[in-house]
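Undergrad: 3D model of this:
(chains A and B)
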2 protein chains.
Amino acid sequence: MTEKDALAEAITTQGDVVRKLKSAAKPDKAKINEEVQKLVALKEKLKQLQPADGGNGAGVGSAPAPVEPGNRNLSLKTAKGTRDYGPEAMALRQRVLDQVVRVFRKHGAETIDTPVFELKEVLTGKYGEDSKLIYDLKDQGGEILALRYDLTVPFARYVGMGNVFNIKRYHIAKVYRRDNPQITRGRYREFYQCDFDIAGTYDPMLPDAECVKVVAEILTELGVGEFVVKLNHRKLLDGMFEACGVPADKFRTACSSVDKLDKTPWDEVRREMIDEKGLDEATVDRIGEYVRLNGGVALVDRLAQDEQLGRIKSAMEGLEDMRLLLQYCQILQVADRVSFDLSLARGLDYYTGVIYEAVLQGTDAGDEIAVGSVAGGGRYDNLVGMFNPKRKQVPCVGVSIGVERIFSILEAKAAGKTRTNETEVYVASAHKGLHLKRMEILNKLWSAGIKAEHSYKLNPKLLAQLQHCEEHQIPFAIVLGDGELSRGVVKLREIVSRKEEEVALDALVDEIRKRLVV
Amino acid sequence: MTEKDALAEAITTQGDVVRKLKSAAKPDKAKINEEVQKLVALKEKLKQLQPADGGNGAGVGSAPAPVEPGNRNLSLKTAKGTRDYGPEAMALRQRVLDQVVRVFRKHGAETIDTPVFELKEVLTGKYGEDSKLIYDLKDQGGEILALRYDLTVPFARYVGMGNVFNIKRYHIAKVYRRDNPQITRGRYREFYQCDFDIAGTYDPMLPDAECVKVVAEILTELGVGEFVVKLNHRKLLDGMFEACGVPADKFRTACSSVDKLDKTPWDEVRREMIDEKGLDEATVDRIGEYVRLNGGVALVDRLAQDEQLGRIKSAMEGLEDMRLLLQYCQILQVADRVSFDLSLARGLDYYTGVIYEAVLQGTDAGDEIAVGSVAGGGRYDNLVGMFNPKRKQVPCVGVSIGVERIFSILEAKAAGKTRTNETEVYVASAHKGLHLKRMEILNKLWSAGIKAEHSYKLNPKLLAQLQHCEEHQIPFAIVLGDGELSRGVVKLREIVSRKEEEVALDALVDEIRKRLVV
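TA: The predicted model follows:
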């Protein structure tokens, strides 16, 4: 299937989703809006794949729309690769982020924040080929700025610039990449990262092991399904390349080939290394022997006996790190979640030690969304020094949780409507002329810290008010009526059971509090 | 004092602050970093005031620094008008934002999120003269984008574009303005806004009054000192201008002059209206009579009798809105917090009805920071239609909390060190060789949901570990020693009191939980 066909199919499917939502008894406007946006994004992508009409540079899409007097015809869309998040999406996101933060805090982390844009030169030379994906700001006669591309480089700048020598921090914020958005797979140009890093000069593998634990705890608590945290070590990778006969100046490029093994079969990677990167066939085949290896402590033992690797000091250092890391993982009871995997390479240049990648294993066949990388990280001991006035290094290790993918997985799993408000009591009137009384009671509830709402109409219909409660999953309603009010009471209604009970106005706050605790 | 002198003085003072922090017994690196950044920002500003050396275009500041081999000399700073927020600043910010959200949620609001950048045309024509402060993104061969300038226009786009007809939402996010940063006054180019808006077709003043209540609750709960919420109405303002003889095409410009009255004396504003805006002296003096008026219901009654205004229908409509709003404020028990003030104008063009501004009244003389506007908003019934495909309007009213100023006020008030982590227990070792045991116990605590940490050194000194607890305000430490461990117990130490007690390892989790509840 060509990309065009796949898109056309996705558009049809998405169109069905929208039509179904619109035809519901009570259409959910926010949800429809979200789905329509996805549809629009798909159509836009299809349009980009098709050649512009006439081929004269001014495609159909850029023809000026008729202008209404006094009101230009705006493009009604968000920027390419971005979207709005309505109340339902936000409720889920907030819940997930709260869970992630809870784990970070359980491990003693503080939080910091850095600006959304940096001096461009701070970002330059950190992301290899992907630097072209950086969003630049327009030069408006001041500094040359760019939107942050990740949270690691700003963190290293913060640590280096501020002469911080140790910190354990988390940072949850959006980052920006001018990548080709893949809306259907939940890949956008603006997306959250959740980073946890430990900076400081410590004993080997103690902070590194805690990062594995943090990832395992988060993925387990979120319930995203089975996963494995792949582990490897940059020193070992480099040692392996050296042992196989890769010239030193080709370590990084060999590394970026190996990095593709999670998505590309060995044969293809092999061809790339030989044809494009100019490595010897014999060298590449030796690499091939190594990168198919994965396991646990037994693999460490086996590699420790490896004659070729044994001659390379840094490889043996990396291996000892791995041995220690696996021991610590055992004690932290995550040994069954990790796999020492020689094919793990990670794209970024700045890693210097252990590297991680958590991969979901999607149990159901066809469960496409629940497969793939959801967290990654590693040790980067030489990045902070670039930002320190005296070039002092502070060793760092950290992980980044790919929370957008997790949102998508949990969104797909979520059955039924997510609650988007926290209102505890709705103050309703049974007949006309009660809005002042409603406000008086509302004010009493608010003063008592009870979350409460009413209709902003003077004389709403009782049925409409109760329907509002049902739709918004508000658990209780107070129903006011002159008859009851003259006796100093109101009706307290439990929405789900529709049970009503009279409660004295004086006792209302206490009664509601009592019921909310249950 | 010239601006230059004022800056020089501020630099001296700030230098003292930094030196004092650095000379402390236990210097707080993060705090020092924050203060150094302020100092750097001040110096940069002073440099900008001074003419470049030699006047040949290449000022001293832009001379190329010597380049180290393999490592360019980066400017070690954040972008102009931005800053990093260290753990202490973040702890305070998070606390304040949580309080603000709690009030929004108490009033039943949901939350949404929109992208940090918008198509430039979405922002065009919404902010009058201030449009020049918008941050544009570089044209990298795609759409023309700009960073959001506020949260109101993106909200209106969300509502209009998505065919949403009613929503009560809050949105807490950063906005961007290329304004002249005033670092010493806490004014940055990247700053938070906390917006609460009610969109929907409702009866007069019911949502409007709730916005006043929300602002009053937030400012009261945060404890920022005495404040007043000034109220006025755009229809009444326009009616007043008409009654005074201002030509209709000069309403907006007259409005922007009146808007300056909170900072500028009447004489100056009067001169501006006559000399620069070309209004009649008699007209301006009539305006002068009105704008000195403020009060409550009595003022409504007085204006209702006003012959000139009485002839203008929309003015009388505005006045009836004000009467209703004041009545509702009475019922919501915020009447003593509001002031109907004919000098309140608000800069933005899109307001169509009630306008608000909350002003702090700083009780102490010289309490410069605790004075001025901390919230503002109003009704904008004609903004959403611009973003709706069928130009359908959805009336809106909302307020924005100026939370950056509130952060500054509370930061200045905060006595002592703010806690930046939530660690409950620190697992320490009394002597060498216990790191595996530490990890085993840590793992047990984490599994039980207890927030726990240890040293990332194999053999840390006991004193250093206990000092860490004191500095980070961690309430409990578990101290491991072979003697105790052989008997199946550990020492549980309360950090503040330094009291120690032996606890059986089996009972450790329960014992800690018990103590944490207290």
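
Undergrad: ok, now which ones touch the residue positioned nearest the centre of chain A?
TA: Geometric centre of chain A, nearest residue: residue A:403, 2.1 Å, by CA atoms, centre = their mean. Contacts for residue A:403 (CB atoms under 8 Å, 6 or more residues apart in numbering or on different chains) come out as A:96, A:97, A:100, A:192, A:193, A:194. In this view, the C-beta of every residue, glycine as well, is placed from N, C-alpha and C.

Undergrad: now those residues as a markdown table including distance to residue A:257 and neighbour count?
TA: Conversion of the contacts of residue A:403 to a markdown table gives the following (distance: CB to CB, whole Å; neighbours: other CB atoms under 10 Å in any protein chain shown):
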| residue | distance to residue A:257 | neighbour count |
| --- | --- | --- |
| A:96 | 34 | 23 |
| A:97 | 35 | 17 |
| A:100 | 33 | 23 |
| A:192 | 30 | 20 |
| A:193 | 26 | 18 |
| A:194 | 29 | 24 |
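
Undergrad: now, which of these sits nearest chain B?
TA: residue A:192 (10.1 Å; CB to the nearest CB).

Undergrad: distance of the nearest residue to that closest one once chain neighbours are set aside relative to residue B:111?
TA: The shortest distance from residue A:192 to any non-neighbouring residue, by CB to CB, 6 or more residues apart in numbering or on different chains, is to residue A:403 (5.1 Å). The gap separating residue A:403 from residue B:111 is 17 Å, by CB to CB, to the nearest Å.

Undergrad: residue A:326 against residue A:295, yeah?
TA: No: here residue A:326 lies out of contact with residue A:295, judged by CB atoms under 8 Å, at a distance of 9.8 Å.

Undergrad: out of these two, which sits in the busier spot?
TA: The neighbour count for residue A:326 versus residue A:295, taken as other CB atoms under 10 Å in any protein chain shown, is higher for residue A:326 (21 against 15).

Undergrad: after whichever strand or helix holds the more buried one, next one along is what?
TA: For residue A:326, the enclosing helix or strand under DSSP states H and E is helix A:313-331. Using DSSP H and E, the next helix or strand after helix A:313-331 towards the C-terminus is strand A:338-341.

Undergrad: can you give me the buried ones in whatever helix or strand comes next after that following strand?
TA: On the C-terminal side of strand A:338-341, the closest following helix or strand by DSSP H and E is strand A:354-361. Buried residues in strand A:354-361, counted by 16 or more other CB atoms under 10 Å in any protein chain shown: A:354, A:355, A:356, A:357, A:358, A:359, A:360.

Undergrad: contacting residues around the fourth one?
TA: I take that to be residue A:357. Applying CB under 8 Å, 6+ apart as the definition, the contact partners of residue A:357 turn out to be A:229, A:230, A:262, A:344, A:346, A:373, A:375, A:376.

Undergrad: quick one: the third one from residue B:214, how far?
TA: Distance of residue A:262 to residue B:214, given as CB to CB: 50 Å.

Undergrad: looking at those two, which has the bigger crowd around it?
TA: Each of residue A:262 and residue B:214 had its neighbours counted (other CB under 10 Å), and the higher figure belongs to residue B:214 (26 against 15).

Undergrad: and the more buried one, how far is that from residue A:302?
TA: To residue A:302, residue B:214 is 66 Å away according to CB to CB.
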